[in-house]
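> what's the 3D shape of this:
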Amino acid sequence: MRVAVFTETFLPKLDGIVSVVCLLLDHLTERGVETIVVAPRLGEGTEYYKQTRVITVNGVTLPLYPELRVGPPTYTTYKEVKAFQPDIAHFIHPVMIGIPGMIMAKRLGIPTLASFHLDLARMAQHYNVGFMTPITDVLTRMVFNWADYALAPSKAVQSYMTDIGVRDVGLWKRGVDPVRFHPHFRSAAMRHQLSDGHPDDVLLLYVGRLGQEKQVDQLKALVERVPGTRLAIVGDGPERASLEAHFAGTRTKFMGYMQGEPLSQAYASADVFVFPSALETFGLVVVEAMAAGLPVVATRVGGIPDVVAEGVTGYTFNVGDIDTMTNAVRQMVESPQRLRYMGQAAREFASTQTWPAMMDEVITHYERLIASYEQMLVGA
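Next up is the predicted model:
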């Protein structure tokens, strides 16, 4: 089987979407599936990802997402994809690269699968351009209905897609690597760094993009209202400078981007994972934190309600409800026994959410769609 993957973001950028794409490619390679990726040109050294060739596309910066540079594929791109002779095309939330890619796939006569990764309608509302929401809903319906099958990352997104008129929507839940994210990565040295030299304090951790939609500024209330706590912020993005100014003088340490074993150590060396994001399609970092043994306090967005058991593995709160977020953290901090219990329960649940099972489901969809096309060709 040969799969062409079209994505609006890829390495060297680091975010949840890129993580899922890389995990998908890794799994397909392990299963003997050949792959290529069509992705934006974000820097040098992206001609190959491991065994997968990367066909890069030049582009322009997106106003709401300045880290991205996206643009439409060219006829040269089409010729390169055609030469690969893919059996199916998988579109990672088709927009600037994916929509022209769908035209290519239709011309090549191969089945198409589109997966939802970016809630553009809610993003428009968050950035005060809510008048765009009906337009983005219409475009989302049209694009995902144009594909032969669509996948949502959570039940909430699946319901949204169905409500706006997307016809065939399956569920592609996110998983976690319970070996890579594990409590045994706990490190005294890492905890010393994260806590800015105060390892005996309760250490709160945020991991993710530092963008306006993540509402990281709201975490300031935790270190101000909950005594004995410190906050470590892992990640980077356009809001970093303003956030550093916002948190100046508080018990907060900015760590920048982290990956590999240092990231595993960061998760395992903290006490509570806090996540106030207003916009998520799933919330991959939440499950990673749980796998590392951290209870979670996070907003009820995306797939987070699917994975956080209230009062068992963590607490959830409505977007912008700082008081509920603060009270949840305070409950944990005031009871070390509860903190331990919830961390153990979080780890136990996350251990059941492995990537191989989730990715094999995607391969099953590929096989079904390819077989369906072959039957249509025979019938014709």
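> where does the stretch 251-380 of the chain have low pLDDT?
Low-confidence segments of the stretch 251-380 of the chain (pLDDT under 70): 379-380.
> Run a quick neighbour tally on Thr76.
10 (other C-beta atoms under 10 Å). Glycine gets a C-beta too; all of them are placed from N, C-alpha and C.
> what's the spacing between it and Asp306?
Distance of Thr76 to Asp306, given as C-beta to C-beta, to the nearest Å: 41 Å.
> Would you mind splitting this protein into its domains for me?
Residue ranges for the domains of the chain, per automatic domain parsing: 2-175+354-379, 183-350.
> Ends of the shortest one, what's the gap?
One end of domain 183-350 to the other measures 12 Å (C-alpha to C-alpha, to the nearest Å).
> next one: stretch 214-231
In stretch 214-231, first residue to last residue: 16 Å (C-alpha to C-alpha).
> Burial-wise, tell me which of the domains of the chain comes out on top.
domain 183-350 (a mean of 20; mean count of other C-beta atoms under 10 Å).
> element containing Gly343?
helix 336-350 (DSSP states H and E).
> for the next helix or strand after that helix, packing partners?
Downstream of helix 336-350, the first helix or strand assigned by DSSP H and E is helix 355-379. Helices and strands touching helix 355-379, by 3 or more C-beta pairs under 8 Å, 6 or more residues apart in numbering; DSSP states H and E, are helix 16-30, strand 88-92, strand 112-115, strand 149-152.
> Out of those, which gets the lowest mean score?
Comparing mean pLDDT across the helices and strands packed on helix 355-379, the lowest value falls on helix 16-30: a mean of 93.
> chain center to the helix or strand following that helix, what's the gap?
Counting by DSSP H and E, the element after helix 16-30 in chain order, helix or strand, is strand 34-40. Relative to the chain's own centre, strand 34-40 is displaced by 19 Å; criterion: C-alpha atoms, centre = their mean, to the nearest Å.
> quick one: strands adjacent to strand 34-40?
The strands that strand 34-40 pairs with in its sheet are strand 2-7 (parallel), strand 52-57 (parallel) (by DSSP bridges).
> of those strands, which approaches Val166 most closely?
For the strands paired with strand 34-40, the distance to Val166 is smallest for strand 2-7, at 18.3 Å, taking C-beta to C-beta.
> any idea of the mean pLDDT for the closest one?
What strand 2-7 shows for mean pLDDT is 97.
> Run through who's touching it.
Identification of contacts with strand 2-7 by C-beta atoms under 8 Å, 6 or more residues apart in numbering yields 17, 21, 24-25, 28, 33-39, 81, 84-92, 94, 97-98, 101, 105, 366.
> just to revisit the earlier point, now for the helices and strands packed on helix 355-379, which one comes closest to Val285?
helix 16-30 (6.9 Å).
> Return the list of helices and strands in contact with that closest one.
strand 2-7, strand 34-40, strand 88-92, helix 284-291, helix 355-379.
> Dump these to a markdown table, plus distance to Leu204.
Below are the helices and strands packed on helix 16-30 laid out as a markdown table (distance: least, C-beta to C-beta, whole Å):
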| stretch | distance to Leu204 |
| --- | --- |
| strand 2-7 | 32 |
| strand 34-40 | 34 |
| strand 88-92 | 32 |
| helix 284-291 | 11 |
| helix 355-379 | 27 |
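> Quick one: closest of those to Gly170.
Nearest of the helices and strands packed on helix 16-30 to Gly170, taken as C-beta to C-beta: helix 355-379 at 6.8 Å.
> Let me know the angle separating the closest one from strand 88-92.
Put simply, helix 355-379 runs at 130 degrees to strand 88-92, going by axes from the mean of the first three to the mean of the last three C-alpha atoms, to 10 degrees.
> and the angle for helix 355-379 with helix 16-30?
70 degrees.
> still on that earlier bit, let's have the helices and strands packed on helix 355-379 in JSON lines, adding distance to Met359.
Formatted as JSON lines, the helices and strands packed on helix 355-379 follow (distance: least, C-beta to C-beta, whole Å):
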{"stretch": "helix 16-30", "distance to Met359": "4"}
{"stretch": "strand 88-92", "distance to Met359": "12"}
{"stretch": "strand 112-115", "distance to Met359": "12"}
{"stretch": "strand 149-152", "distance to Met359": "12"}
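> out of the ones you listed, nearest to Ala350?
Per C-beta to C-beta, nearest to Ala350 of those: helix 16-30, 15.1 Å.
> Go ahead and name everything in contact with the closest one.
Counting by C-beta under 8 Å, 6+ apart, 3, 5, 7-11, 35, 37, 49-52, 90, 92-93, 117-118, 174-175, 208, 282-285, 355-356, 359-360, 362-363 sit against helix 16-30.
> I am finished for the moment; much appreciated.
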